[in-house]
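>>> coordinates only, sequence not included:
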């Protein structure tokens with residue numbers, strides 16, 4: 001039996017959007033052809049204005065490595081499984097044809113945790129590594145800042161919680 005794809009898992013440990021409603025948003029991710037696309041929790045998107053004919057749902061696109069942090073949202077929807085046989089958080093993905101995804105605007109000092117599937121980079125994520133934007137929805141982990149990339153924060157801790165290893169990131173502008 002083939003192993004299923006494992007998706008990223010996110011924790012919103014200390015995000016402003018958990019108690020400031022204005023920093024919690026609804027979004028639909030679209031690909032480079034402006035077509036709705038699936039997006040994993042723990043990924044980041046650039047907010048590109050409201051969707052056509054919408055007052056509340058933002059169009060979300062892939063950020064560039066130099067996108068301003070004020071235009072970025074962390075995707076962190078409630079994991080509601082349509083398939084009752086799926087029970088693990090890493091089996092959840094925000095489907096393009098489902099309800100809008102939930103996003104958190106990022107603020108200096110916010111803390112969240114993601115599993116490795118939400119990260120890219122050539123090094124194994126470790127405490128003290130920098131986290132920056134890449135031309136992707138994945139956050140890039142580096143030892144030293146990359147010229148021209150927006151720094152998101154720093155890996156503050158590596159925590160094992162049950163079956164998941166979370167890389168805890170503190171936003172630092």
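Received it, and whenever you're ready, just let me know what you need. What you are looking at is a predicted structure, and each value in this text was computed from that prediction instead of being measured.
>>> C-alpha only now, for contacts and for neighbours.
Will do.
>>> and the residue most central in space within the chain, what does it touch?
The residue lying closest to the centre of the chain (C-alpha atoms, centre = their mean) is residue 43, at 2.4 Å. The contact partners of residue 43, by C-alpha atoms under 8 Å, 6 or more residues apart in numbering, come to 8, 74-75, 118, 137-139.
>>> filter the residues you listed to the buried ones?
Neighbour-count burial (16 or more other C-alpha atoms under 10 Å) applied to the contacts of residue 43 gives 8, 74-75, 118, 137-139.
>>> just those now: which is nearest residue 105?
For the buried ones among the contacts of residue 43, the minimum distance to residue 105 (C-alpha to C-alpha) is 6.6 Å, reached by residue 74.
>>> Show me what that closest one bridges to in the sheet.
Per DSSP bridges, the residues bridged to residue 74 are residue 44, residue 104.
>>> Find me the pLDDT at residue 81, would you?
pLDDT, residue 81: 75.
>>> so how far is residue 89 from it?
Taking C-alpha to C-alpha, to the nearest Å as the measure, residue 81 falls 9 Å from residue 89.
>>> residue ranges of the helices in the chain, please?
In the chain, no helices are defined using DSSP state H.
>>> Longest strand in the protein, please.
strand 151-161 (DSSP state E).
>>> so what strands line up beside that one?
Short version: by DSSP bridges, strand 151-161 pairs with strand 130-132 (antiparallel), strand 164-171 (antiparallel).
>>> Can you give the contact residues for the shortest one?
Just to be clear, that refers to strand 130-132. 65, 139-145, 149-155, 169.
>>> and what of the longest one?
If you take C-alpha under 8 Å, 6+ apart as the criterion, strand 164-171 is touched by 106-116, 125-126, 131, 152-160.
>>> of the residues you listed, buried ones?
Neighbour-count burial (16+ other C-alpha under 10 Å) applied to the contacts of strand 164-171 gives 106-107, 110-116, 125-126, 131, 152-158.
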